[in-house]
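[1] Test case, fold it:
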Amino acid sequence: MGIVVQKYGGTSVAGVERIKVVAERIAKTAAQGNDMVVVVSAMGKATDDLVKLAHEISAVPHAREMDMLLSAGERISMALLAMALNEMGRDAISFTGSQAGILTDTSHTKARIVEVKAHRIERALAAGKIVIVAGFQGVSTELDVTTLGRGGSDTTAVALAAALKADVCEIYTDVKGVFTADPRIVRNARKLNSVTYEEMLEMAASGAGVLALRSVEFARTHGVVIHCRSSFTDEAGTVVKEEVEQVEKALVTAVSQDTSEAMIRVDGVPDRPGIAAKIFSDIARERINVDMIVQNVSHDGKTDLTFTMPKEDLIRSGDAVRRIISEIGAEGFSADSDIAKLSLIGAGMKTDPGVAAEMFSALAEHGINIEMISTSSIRISCVVRSMDINRAVKIIHERFGLAGAPSMSPAGRG
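    Coordinates of the predicted model:
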């Protein structure tokens with residue numbers, strides 16, 4: 001019928017029995033006349049175990065060697081799944097990222113895909129084979145093994161779907177789709193039938209772990225429709241696409257949380273042109289992605305500058321700031337890893353000015369202090385103490401009625 005790209009996460013291939021179940025699902029889809037390309041993550045917590053081993057050797061492992069190490073996890077999964085399919089009588093072949101033609105830049109541990117040369121996959125499909133690809137990895141323009149960062153297998157799947165012009169890209173995880181909140185925190189969270197690329201991008205950037213941010217960016221750029229669903233059931237999941245057909249736009253779509261960030265505050269920064277550029281240029285050279293930035297009002301020619309970044313980059317961020325505070329004449333800095341980000345997302349927020357006030361009021365009523373605020377046209381994010389984040393998610397989810405029928409924007413409330 002067409003080309004179907006499927007991606008299976010670590011929990012879906014966590015053991016031999018789970019791999020056999022996945023093989024049966026793949027074979028069933030192939031039996032319907034589809035050409036199959038399957039992307040797999042490492043088994044269970046294999047990547048975490050490898051990261052732990054690396055940090056037992058070094059506090060800051062060598063980036064190139066880290067890629068060599070971490071790429072092993074997906075290679076194990078792909079080979080075992082191909083074996084399972086061959087054992088069932090299906091002709092399957094496994095490819096590493098480099099063999100599959102995933103060409104990346106030279107940024108180790110966070111490489112970006114620059115091109116997909118899927119000729120070998122196309123030849124295998126033409127020969128009637130089911131193709132299994134190791135996710136999360138590729139080969140750089142310098143011919144080194146690279147990895148795409150956490151969630152990189154999602155990006156691999158979407159990139160292959162775009163290159164092969166697949167009919168659908170199915171992302172299988174351990175949840176049934178995209179929910180109005182993390183169902184592990186909010187028990188009555190509601191599964192969404194569909195969301196727009198724009199909403200999913202904001203959710204992914206705000207901590208929703210269902211889809212990796214870069215995979216959604218890639219899907220939007222190349223028009224790949226994603227169907228996010230569970231590998232444990234046959235239920236339909238959540239479709240991510242350009243526009244969601246809806247008579248009345250929901251005011252708020254979801255609330256998400258992110259506990260993976262840390263914060264640095266630079267005190268007594270001279271308030272003059274070029275200082276912020278100097279700080280963030282040095283941080284950018286370390287390949288560190290800064291998220292939220294707040295600069296306080298200047299007093300006596302001095303100001304404080306606060307920003308957040310992934311916790312895994314806190315040490316390197318601190319080292320970069322330490323190197324430049326004397327150059328710029330700042331008084332010092334402090335680091336804080338005990339924070340979390342709470343975000344409210346919804347396309348309907350574009351036309352309703354009262355959402356921020358309602359969110360802040362709900363948090364204040366329950367004694368939750370807001371330390372930083374960041375917004376976009378469809379998102380409001382707050383930094384709170386990490387110990388308050390689960391309670392904050394429940395409070396905001398309930399305040400905006402996300403468990404039942406979605407709240408409507410003013411145009412649809414009549």
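[2] helices and strands around the one helix or strand L160 maps to, which ones?
    Using DSSP states H and E, L160 sits in helix 152-164. In terms of contacts (3 or more Cβ pairs under 8 Å, 6 or more residues apart in numbering; DSSP states H and E), helix 152-164 is packed against strand 3-8, strand 35-40, strand 113-116, helix 119-126, strand 137-140, strand 168-173, helix 213-222. (Each C-beta comes from the backbone N, C-alpha and C, glycine too.)
[3] show me where the stretch 51-200 of the chain has strands.
    Assigned strands in the stretch 51-200 of the chain, in chain order: 92-95, 102-104, 113-116, 130-134, 137-140, 145-147, 168-173, 194-196 (criterion: DSSP state E, counting those that start in this stretch).
[4] Dump those to a markdown table, plus mean neighbour count, distance to K7 and mean pLDDT.
    What follows is the strands of the stretch 51-200 of the chain, written out as a markdown table (neighbours: other Cβ atoms under 10 Å; distance: least, Cβ to Cβ, whole Å; pLDDT from 0 to 100):
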| stretch | mean neighbour count | distance to K7 | mean pLDDT |
| --- | --- | --- | --- |
| strand 92-95 | 22 | 14 | 98 |
| strand 102-104 | 25 | 13 | 98 |
| strand 113-116 | 17 | 15 | 96 |
| strand 130-134 | 28 | 9 | 98 |
| strand 137-140 | 24 | 14 | 97 |
| strand 145-147 | 27 | 16 | 97 |
| strand 168-173 | 24 | 5 | 93 |
| strand 194-196 | 22 | 18 | 91 |
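[5] Among the ones you listed, which comes closest to E17?
    Counting by Cβ to Cβ, E17 lies closest to strand 168-173 out of the strands of the stretch 51-200 of the chain; the figure is 15.9 Å.
[6] partners of the closest one in the sheet?
    In the sheet containing strand 168-173, its partner strands are strand 3-8 (parallel), strand 226-230 (parallel), by DSSP bridges.
[7] if you compare the ones you listed, which one is most tucked away?
    Most buried of the strands paired with strand 168-173 by mean neighbour count (mean count of other Cβ atoms under 10 Å) is strand 3-8; its value is a mean of 26.
[8] relative orientation of it and strand 35-40 in degrees?
    Per axes from the mean of the first three to the mean of the last three Cα atoms, to 10 degrees, the angle that strand 3-8 makes with strand 35-40 is 20 degrees.
[9] low-confidence ranges in the chain?
    1, 244-250, 404-414 (pLDDT under 70).
[10] gap between the residue nearest the centre of it and V158?
    Of all residues in the chain, the one closest to the mean position by Cα atoms, centre = their mean is A212, 2.5 Å from it. In this structure, A212 and V158 are separated by 9 Å, where distance is defined by Cβ to Cβ, to the nearest Å.
[11] what about I121, distance to A30?
    When distances are taken as Cβ to Cβ, I121 and A30 turn out to be 15 Å apart.
[12] if we look at the sheet, which residues does M263 bridge to?
    For M263, the beta-bridge partners under DSSP bridges are T308, D336.
[13] Number of residues surrounding it?
    Residue crowding around M263 was assessed by other Cβ atoms under 10 Å; the count is 24.
[14] again, but for the one 3 residues further on
    Residue crowding around V266 was assessed by other Cβ under 10 Å; the count is 23.
[15] relative to strand 35-40, how tilted is the top helix by length along the chain?
    Among the elements of type helix in the chain, defined by DSSP state H, the one spanning the most residues is helix 63-87. Counting by the same axes, to 10 degrees, helix 63-87 lies at 130 degrees to strand 35-40.
[16] Which secondary structure elements does helix 63-87 sit against?
    Right, helix 63-87 is packed against helix 16-31, strand 35-40, helix 46-57, strand 92-95, strand 130-134, strand 137-140, strand 145-147 by 3+ Cβ pairs under 8 Å, 6+ apart.
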